[in-house]
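Asker: 3D, please:
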Amino acid sequence: MARVFISFAGIAGGKEPKPYQEVSYHWQGRGEHTTRYVQAAVVTQLGATSFDRLVVLGTKTSRPFHEATLRAELEALGVSRERCYFETISEDVADFGQQWAWFEALLAQVDVGDHLVLDMTLGHRTVPIVFSSAIGYLQRLKRVVVEHVVNGALERGTSRGAIVDMRDFYVVQDWAEAVGRLVDTADARLLAQLAAAAPAGSTFARLGSPARTPGGKAASARTRTGKAASARTRTCSSGC
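Answerer: Next up, the predicted model:
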């Protein structure tokens, strides 16, 4: 099991790459870091040396432009060269086969049980859509734990940016499945497991109590009704 950070190096406007502007990225409760690369801000605020592997995906145009400077900045933060990988993905957004190649590129970077931090900020065009689908697939195929899915949002007219964590939207399917089990079968075990693992402040953490879960009370009522019906059935079978 490893802690893996995956990000993108894109093109900062236009058809040719150019340097990103320097931005002071702040993440609520985690501090602030000024850099040209949002990747550096994210890993700094999560603990640069806590990652076993950092992977930056770029196109054949953007990767050569950003790799050396981004690698140097990450190394200055304590990320060794051996833990930092740069990979090339296609920039042909119209080729369906290449879209599957992006999907497979992400799968190849993650092993069973890994903890994943994904930065979508500089994703090339439709790449974030494909990678969003890959997250759900990884959660089921490789039991990946999604820690954060972040986006660095520049505040208009300033040199400041906010790092926004969209993780809850990528685990909503798991919660929907857990709530479905509770409502249909009164089995709250998966819901309890998800609630126990939810980070502090998570939107879904409050669902740990079945009574606070949509359908939870109804499910409990149905369970009690079912037990009563079963008891009546047993009584009648003994002689009604």
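
Asker: mean confidence for stretch 148-155?
Answerer: For stretch 148-155, the mean pLDDT works out to 90.

Asker: just the buried positions in that stretch, please.
Answerer: The neighbour-count check on stretch 148-155 (16 or more other Cβ atoms under 10 Å) flags 148-152, 154 as buried. Any C-beta I mention is one placed from the backbone N, CA and C, and that applies to glycine too.

Asker: again with stretch 150-170
Answerer: Buried residues in stretch 150-170 (16+ other Cβ under 10 Å): 150-152, 154, 161, 163, 165, 167-168, 170.

Asker: circling back: and the buried residues of stretch 148-155, which of them are in helices?
Answerer: Counting by DSSP state H, no part of the buried residues of stretch 148-155 is found in helices.

Asker: closest one of those to Leu107?
Answerer: Val149 (16.2 Å; Cβ to Cβ).

Asker: who's in contact with the closest one?
Answerer: 117-118, 120, 135, 165-167, 169-170 (Cβ atoms under 8 Å, 6 or more residues apart in numbering).

Asker: and the two most separated of those residues?
Answerer: Among the contacts of Val149, Val117 and Phe169 lie farthest apart (Cβ to Cβ), at 15.1 Å.

Asker: which one of the contacts of Val149 is nearest Glu16?
Answerer: Of all the contacts of Val149, Glu16 sits closest to Met120, with 22.5 Å by Cβ to Cβ.

Asker: so how far is Glu75 from the closest one?
Answerer: Separation of Met120 from Glu75 (Cβ to Cβ, to the nearest Å) stands at 24 Å.

Asker: among those two, which residue is more densely surrounded?
Answerer: More crowded of Met120 and Glu75, by other Cβ atoms under 10 Å: Met120, with 20 against 14.

Asker: any idea which residue sits dead centre in this protein?
Answerer: The residue lying closest to the centre of the chain (Cα atoms, centre = their mean) is Val149, at 3.7 Å.

Asker: next helix or strand past the longest strand seen in the chain?
Answerer: The longest strand of the chain (DSSP state E) is strand 145-154. Going down the chain from strand 145-154, the next helix or strand is strand 160-165, by DSSP states H and E.

Asker: could I have whichever strand or helix holds Leu118 exported to CSV, CA atoms only?
Answerer: For Leu118, the host element (DSSP H and E) is strand 115-119. Extracted in CSV, the C-alpha atoms of strand 115-119 (Å, rounded to 0.1, in the frame of the first residue of the first chain):
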residue,chain,number,x,y,z
HIS,A,115,-4.2,5.9,-1.0
LEU,A,116,-4.8,8.4,-3.8
VAL,A,117,-4.5,12.2,-4.0
LEU,A,118,-5.6,13.5,-7.4
ASP,A,119,-5.0,17.0,-8.6
